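Visitor: this one's structure only:
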């Protein structure tokens, strides 16, 4: 894949982290008015110095780069989840909290599957879950537990309604 100008090391190792640190520190200093009213030049100078100190060391820049990557991916995943939730429960009145919880669980499972697929590890996950020595026993046990739990729920729910 071709490298763009925005992927050049000068931008990713210096310019973007410096600008991020500068603007965050400047905004905080402006909001707190730590040095008093109308001290934009002093706040900008201090933010500039802190930004330069920040990019002088590789480790903090790497930490911030990783956090920004995580934040952007997490925001997109949350946006997709909220978009799906809006499609399912937008104008329609969903009656009962059980239905809302069920929709929420289905959306959460769909998001987890989508993230696993989008990251390219879907095949590894399928291999780990279903093509191991322990897989057959594990999934048989899970199915048995689910069947027993559903049966118990149905029996307890029906016996609870008779006694009322």
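Guide: Cool, the structure landed. Since the model is a prediction, treat every value here as computed from it, not as a measurement.
Visitor: show me what contacts the closest residue to residue 104 other than its chain neighbours?
Guide: What sits nearest to residue 104 in space, not counting adjacent residues and going by CB to CB, 6 or more residues apart in numbering, is residue 85, at 7.4 Å. For every residue, glycine as well, the C-beta is placed using N, CA and C. By CB atoms under 8 Å, 6 or more residues apart in numbering, residue 85 lies in contact with 103, 104, 107.
Visitor: so the first one makes contact with residue 88?
Guide: Yes. The pair residue 103 / residue 88 is scored as a contact, 5.2 Å apart, by CB atoms under 8 Å.
Visitor: Where does the prediction get shaky in this protein?
Guide: By pLDDT under 70, the weakly predicted segments of the chain are 1, 90-97, 160-164.
Visitor: which one's the longest helix in it?
Guide: Ranked by number of residues, the top helix in the chain under DSSP state H is helix 58-89.
Visitor: Kindly calculate the angle that whichever helix or strand comes after that helix makes with helix 58-89.
Guide: Sequence order places helix 97-119 as the next helix or strand after helix 58-89, per DSSP states H and E. Calculated by axes from the mean of the first three to the mean of the last three CA atoms, to 10 degrees, helix 97-119 forms an angle of 140 degrees with helix 58-89.
Visitor: residues making contact with helix 97-119?
Guide: Where contact means CB under 8 Å, 6+ apart, the residues beyond helix 97-119 that reach it are 77, 80, 81, 84, 85, 88, 89, 94, 122, 125.
Visitor: again, only this time at 6 Å
Guide: With contacts defined as CB atoms under 6 Å, 6 or more residues apart in numbering, helix 97-119 is touched by 77, 81, 84, 85, 88, 94, 122, 125.
Visitor: again with stretch 120-138
Guide: Contacts with stretch 120-138, where a contact means CB under 6 Å, 6+ apart, come from residue 116.
Visitor: Adjust the sequence numbering to begin at 578 for everything that follows.
Guide: Sure, I'll start counting at 578 from here, so that last one is stretch 697-715.
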